[in-house]
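Visitor: sequence and predicted structure are below.
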Amino acid sequence: MKSEQVPVLIVGAGGGGLALSLLLLQQGVRPLVVERRADISWYPRARNLNFRTMEVFRGLGLSQEIQAAGTRASRIFARERLASTTQKEMFDPSSLLDTQTLSPDPFLWYCPQSRLEPILLDTARKRGADIRYATELIEFTEDDRGVIATLQDHSTRESRLVRAQFLIGADGAHSTVREKLHLPTQGKGTLDEHYVFIYVRGNWEDLVRGIETDVVMIENPEMRAMFLIAEKMLAMFMVPTQGKPSENLTRERAQELVAKAIGRPDFAFELIEVAPWQPEQRVAEQFQQGRTLLLGDAAHTMPPKEGLGVNTAIQDAQNLAWKLAAVLEGNAPQELLETYQAERHPVAWFAAQHSMTGPAAAVLDKTQMKEKASEFFPIVGYRYHSAAVVSDNGSGPASGEIDLLDRKELTGVPGTRVPHVWLQRESERISTLDLVDGQFVLLAGSDGTSWCAAATRAKQSLGIKLACYRIATNGDLQDPNGEWLERMGITSDGAVLVRPDGFVAWRTSDATQATERLQEALRHVLIAEPKRRSVARSNHPQSDPADHPRSQNGGGSIPSDRR
């Protein structure tokens, strides 16, 4: 049986898996991605990308391309039939949360999987990722040097063994990886809500001409349905008004339902697929077991009401990528990966709760949270507590909890996403978020000239990627609105250390002993001792991957581009 070695094996090439591959490539790690589907998903699912997700793509140099593929906002109208002209407005974009002070990026209210995945796939392959479709994970085991996986190519029926330093399960709600690890989940499980997706193809131009929206709701005594008219292949998402839809809904009956929803007997269309579906709410109790970690729907599945599923997955990927790279490069011990669970599990649980109950009641056993503007929270309105954050009082407990912020703004508190502030570089206006492109960034005040010298020494001493910018009239960047110090919560001789995922790791308003204190903060965040030997670049002797000490099929357990 053929065998190969890779630093990271990603199982699943959905939005989360492909995003993780790009983020690892940005860190200099070339992953192997396998997907049991024969191709990308051509169905318009997972339609919304929030501004925090767009910030992730901004750091990868993909924001403009993805914006061009999507729609920022459009009105949604309800009609009795698609062919009718009488309609009422269901959604007005003027009611949206104003994010201009929060982010340089917009919400994309329509950029489904069918548009996003081709962009991510093409970019990942161009940048060097090895992505294989029609390839399935059969089993995997772990030893003290990594994970050994058996993969099968569906087209050739051939199997091969892959030894990876780490295995990432990004393989969806019914994750093979999670099931083989026997990881329990929390939540309500499969919900008593029933839907039918009916995908049809037709010549829609004449029928939808003059409808200035991407979505039309169909509401009449017989049905509630939603037409996505932005696609050449139109998807009808139907909620029957009486009883539960049959899991054996016939194509003939589906054809009849679509015809009634269209409301024009002479209109011809082709039925592509009929798919009954029930949403689920499940969050894995653990996102990590040994050298295997869960990402996206494999870690947390939630109803689509708030559009948080793929967004949470992509933000998981950004949190995990730099930590994996730090461990692979020998700049951090494997214990750093435990902060992925501590930081992302409570965010996922909150998002799952939010998706169940709606904005007003999404609470984490804290009744006072009901009074907050909670549409802000699952996106960016939270604060991490973990060993990868140095709090203002000098501690960084791995508590596995998050704080939800009181205001619709960010103030530079360690554990929160760095505030978005517009700065000036020569004639170019850039956001503070444009400085975060997968490396640590130190932002220093006008009187903090010692910080950039300290950053140079820290970079050399710790062997990490670290950029430093001084914001001053004669500095690397200028602050034309005079607001960045206040927004960051520091003084002119202070500095803010930002992690590669855009979250504040540490801040100070005191430039004394800059070199020692910066290195101490970085070692704290990386949980680092003196630099370890790199495992990503090392040339391990060829091992025999056929030695499978603990087969997961048998139920055994595993111990613990700037824009």
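Guide: Cool, the structure landed.

Visitor: and residue 415, helix, strand or coil?
Guide: Secondary structure assignment for residue 415 (DSSP: H, G, I helix; E, B strand; the rest coil): coil.

Visitor: that one against residue 385, yeah?
Guide: Yes. Contact criterion CB atoms under 8 Å: residue 415 and residue 385 qualify, at 6.1 Å. The way it works is simple: take the backbone N, C-alpha and C, and place the C-beta from them, glycine included.

Visitor: joint contacts of those two?
Guide: When contacts are counted by CB atoms under 8 Å, 6 or more residues apart in numbering, residue 415 and residue 385 are jointly contacted by 391, 403.

Visitor: quick check on the most centrally placed residue in the chain: phi, psi?
Guide: The chain has residue 314 as the residue nearest its centroid, 1.2 Å off, counting by CA atoms, centre = their mean. For residue 314, the backbone dihedrals (degrees, to the nearest 10) come out as phi -70, psi -40.

Visitor: would you agree it is in contact with residue 55?
Guide: No. Residue 314 is not in contact with residue 55 according to CB under 8 Å; the separation is 10.0 Å.

Visitor: what residue spans form the domains of the protein?
Guide: Domain assignment for the chain, taken from automatic domain parsing, gives 2-72+106-190+281-337, 73-105+194-277, 382-526.

Visitor: which residues touch residue 2?
Guide: 158, 160-161.

Visitor: again, 7 Å this time
Guide: The contact partners of residue 2, taken as CB atoms under 7 Å, 6 or more residues apart in numbering, are residue 160.

Visitor: ditto for residue 295
Guide: Residue 295 makes contact with 16-17, 20, 168-170, 313, 316-317, 320, according to CB under 7 Å, 6+ apart.

Visitor: look up the closest residue to it, ignoring the ones flanking it.
Guide: residue 170 (4.3 Å; CB to CB, 6 or more residues apart in numbering).

Visitor: again, but for residue 37
Guide: Among residues not flanking residue 37 along the chain, residue 133 sits closest, at 6.1 Å (CB to CB, 6+ apart).

Visitor: try residue 153
Guide: Once flanking residues are discounted, residue 153 sits nearest to residue 135: 5.5 Å by CB to CB, 6+ apart.

Visitor: next one: that neighbour from residue 234, what distance?
Guide: Distance, residue 135 to residue 234, using CB to CB, to the nearest Å: 31 Å.

Visitor: and what of residue 184?
Guide: Distance of residue 184 to residue 234, given as CB to CB: 40 Å.

Visitor: all strands for the stretch 1-150 of the chain, in order.
Guide: Remark: strands assigned in the stretch 1-150 of the chain by DSSP state E, counting those that start in this stretch are 2-11, 32-35, 76-79, 87-91, 130-133, 135-143, 146-153.

Visitor: nearest to residue 445, out of those?
Guide: Among these, the nearest to residue 445 by CB to CB is strand 2-11 (37.7 Å).

Visitor: so where is this structure shaky, pLDDT-wise?
Guide: Applying pLDDT under 70 to the chain picks out residues 73-74, 91-98, 232-233, 239-248, 357-377, 394-400, 406-408, 529-563.
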